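Visitor: coords please:
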Amino acid sequence: MNSLAQRFRGFAEDIGGVLLGLMFLAFLVQIATRYVFNAPASWTLEACLTLWLWAVFWGAAFILDERDQVRFDVIYTAVPLPFRRAFAIVSALAISGGMLAALPATWSFVSFYEIKRSAVIGIRLDYVFSIYLVFAVGVIIRYLWRAISIARGANPDPPPIEMAESETKSS
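Guide: Numbering: from 1, shown residues only. Take a look at the predicted model:
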């Protein structure tokens, strides 16, 4: 299972890289058309915004680790491990439960936008905003899995971010 998870994470990172690469290419086209050819291409701004939206939600759902999340842990770090375990399970269930409860309204909102199109490129806006549904489902699955793992005895504390090899050699 760990191998499957690692392959999926690698695939997710590849998709994130492609999204950022396409955004960068659109940005370069925007610069070239505006400053080199003096004929701005309006589609590039819309493409950059859409690709950025997709890259952010894709990355948050499938690429970020638990240690990358913002947390307020003053109380959490002050209590013993059994309490931290309980806090982590409750928070994981609250996050997944909240996202699950919001899913029908999110689906309704995204599907409503099938009648609208983006201003310049003309992409249906339900396609543009559908990444939020992918994000929501990814977060639900991730935090349900986290709650189950911690309930089975996994460490609730994310491992520390390791320093890059070059940093450890230079110190």
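Visitor: give me the three-state assignment for G122.
Guide: coil (DSSP: H, G, I helix; E, B strand; the rest coil).
Visitor: look up how far S96 lies from it.
Guide: In this view, G122 and S96 are 36 Å apart by Cβ to Cβ, to the nearest Å. Placement of C-beta: from N, CA and C, glycine included.
Visitor: and F87, by the same measure?
Guide: Distance from F87 to S96, by Cβ to Cβ: 15 Å.
Visitor: A102 now?
Guide: Taken as Cβ to Cβ, the span from A102 to S96 is 11 Å.
Visitor: likewise A39?
Guide: 49 Å.
Visitor: returning to that earlier point: more neighbours, G122 and S96?
Guide: The neighbour comparison of G122 against S96 (other Cβ atoms under 10 Å) goes to S96, with 20 against 9.
Visitor: so A147 touches A86, yeah?
Guide: No. Taking contacts as Cβ atoms under 8 Å, A147 lies outside contact range of A86: 10.9 Å.
Visitor: have a look at these two and say which one is more surrounded.
Guide: Each of A147 and A86 has its neighbours counted (other Cβ under 10 Å); A147 has more, 21 against 14.
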